[in-house]
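K.L.:
just coords:
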């Protein structure tokens, strides 16, 4: 399923670029208070997403079918099932595409509680369907695909109904404006390059792993990416709340507030992920055995490398939003997208030499570091952000905590404590270091007030 879904996701880069454009223009118009313009942008975004859905459908039903049946590595006896799963995945993707304007409108209006509630319902429904699947005597792969499709339909309908009842600008009417079309597509066009690079980093690498190492390695990578999706949700939830504020601050020329949002949300994102991921990083084998019982080879190594990559990328999230807020993304997308695209050829070249699937993760970590510094330099030129403050607040503080944790780890290992105790002690030390070093006096006072009030 991970291989098929990844292949379908490759064509999603056409749509991913419109996600960025839609959220940016919604937040910008709300920041300006232009309700009529917001209504027109919403209708035009729906029109464009409908056109994108048609284009992706044609590509998937022609080029996609040929590639699935002739280029990927699957057992012959499963090909009929694979094709059914492929068709179901196509419908899932198309529904997600058409729902993006509604999701973006909720986020732009900062209805984070509602967004979180719907996300929670989606997770619960997926869990219920997975529990039901084991009791049905039919092919589990098809049942799993169908369950995801059904959950997608339910949640997307709920999103649409909520928007239509709560936001007047979400009412659809026949409208076409060349200026809005040009602006949205123009912004999305440059985002297209960056999203194509992101797809190459994720789905493209998954296909390379399938070609070089087969579906078992894809399963191990799929497991590590399940862990990634959980951890990155922490950062995404924070940025879901912060992103509209960054864009609105730029729209209102409130650059000082915008800079503060970037500095501190980068720091919080890193510290939150490090807090949650530390025990998982140290006890990866134990967690995977408790979760899966039978753990595919490479899963533990993949998971640890994914955690390192997530920590690096977590600092970049606000910088990405800042570039979108300005609307001047041509140079940014060309440079950063070009760097990210190196993942695919470098991994392919190194696979030819070393035949080690972990190579792709090492390459990804290296590319993430280079991309971060490139983003920082480009954002400096766009919004005059202070690189010194960014390093002091967003990088230096988390780095000091990380190095101190490493020091404590080496000390605990040297005195030969049991590994489980080492993990517990390090988690406690991590919490203390984040509180006493990671937070300033105002942040400490805020946390104390919450604790005392309860």
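P.N.:
Everything's here; your move. In this text the structure is predicted, and so the values were computed from the model without any measurement.
K.L.:
where exactly do the strands run in the protein?
P.N.:
For the chain, no strands are identified by DSSP state E.
K.L.:
by mean pLDDT, point me to the weakest helix or strand of it.
P.N.:
helix 441-453 (a mean of 66; mean pLDDT, DSSP states H and E).
K.L.:
give me the below-cutoff pLDDT ranges for the stretch 301-450 of the chain.
P.N.:
Low-confidence regions of the stretch 301-450 of the chain, defined here as pLDDT under 70, cover residues 446-450.
K.L.:
quick one: the helices in it?
P.N.:
With DSSP state H, counting those that start in this stretch as the definition, the stretch 301-450 of the chain shows helices at residue ranges 330-341, 343-354, 359-383, 387-389, 397-414, 419-433, 441-453.
K.L.:
with mean neighbour count and distance to residue 137 added, can I get these in TSV?
P.N.:
The way it works is simple: take the backbone N, C-alpha and C, and place the C-beta from them, glycine included. Written out in TSV, the entries for the helices of the stretch 301-450 of the chain read as follows (neighbours: other C-beta atoms under 10 Å; distance: least, C-beta to C-beta, whole Å):
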stretch	mean neighbour count	distance to residue 137
helix 330-341	19	44
helix 343-354	16	40
helix 359-383	18	38
helix 387-389	12	61
helix 397-414	15	49
helix 419-433	16	41
helix 441-453	10	51
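K.L.:
so where's the stretch 1-150 of the chain shaky on pLDDT?
P.N.:
Within the stretch 1-150 of the chain, the stretches with pLDDT under 70 are 6, 9-20.
K.L.:
rerun at 80
P.N.:
When the per-residue scores of the stretch 1-150 of the chain are filtered using pLDDT under 80, the ranges that remain are 1-38, 71-75, 104, 107-112, 115-116.
K.L.:
quick one: the helices in the stretch 1-150 of the chain?
P.N.:
With helices called from DSSP H, counting those that start in this stretch, the stretch 1-150 of the chain shows them at 2-10, 13-32, 35-59, 65-70, 79-108, 112-133, 140-166.
K.L.:
out of the helices of the stretch 301-450 of the chain, nearest to residue 271?
P.N.:
For those, proximity to residue 271 was assessed by C-beta to C-beta; helix 397-414 is nearest, at 6.0 Å.
K.L.:
and residue 323, how many neighbours?
P.N.:
The burial metric for residue 323, expressed as a neighbour count using other C-beta atoms under 10 Å, is 24.
K.L.:
quick check, it in contact with residue 377.
P.N.:
No. Distance between residue 323 and residue 377: 11.7 Å, which falls outside the contact criterion (C-beta atoms under 8 Å).
K.L.:
list the buried ones in stretch 134-151?
P.N.:
Of the residues in stretch 134-151, those with enough neighbours to count as buried (16 or more other C-beta atoms under 10 Å) are 141-149, 151.
K.L.:
relative to residue 352, how far out is the closest residue to residue 183 other than its chain neighbours?
P.N.:
Distances taken as C-beta to C-beta, 6 or more residues apart in numbering put residue 25 closest to residue 183, at 7.4 Å, once the chain neighbours are dropped. Using C-beta to C-beta, to the nearest Å, one obtains 43 Å as the distance from residue 25 to residue 352.
K.L.:
quick revisit: need the helices of the stretch 301-450 of the chain in CSV with distance to residue 132, can you?
P.N.:
Below are those laid out as CSV (distance: least, C-beta to C-beta, whole Å):
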stretch, distance to residue 132
helix 330-341, 39
helix 343-354, 38
helix 359-383, 34
helix 387-389, 52
helix 397-414, 42
helix 419-433, 35
helix 441-453, 39
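K.L.:
alright, calling it a day.
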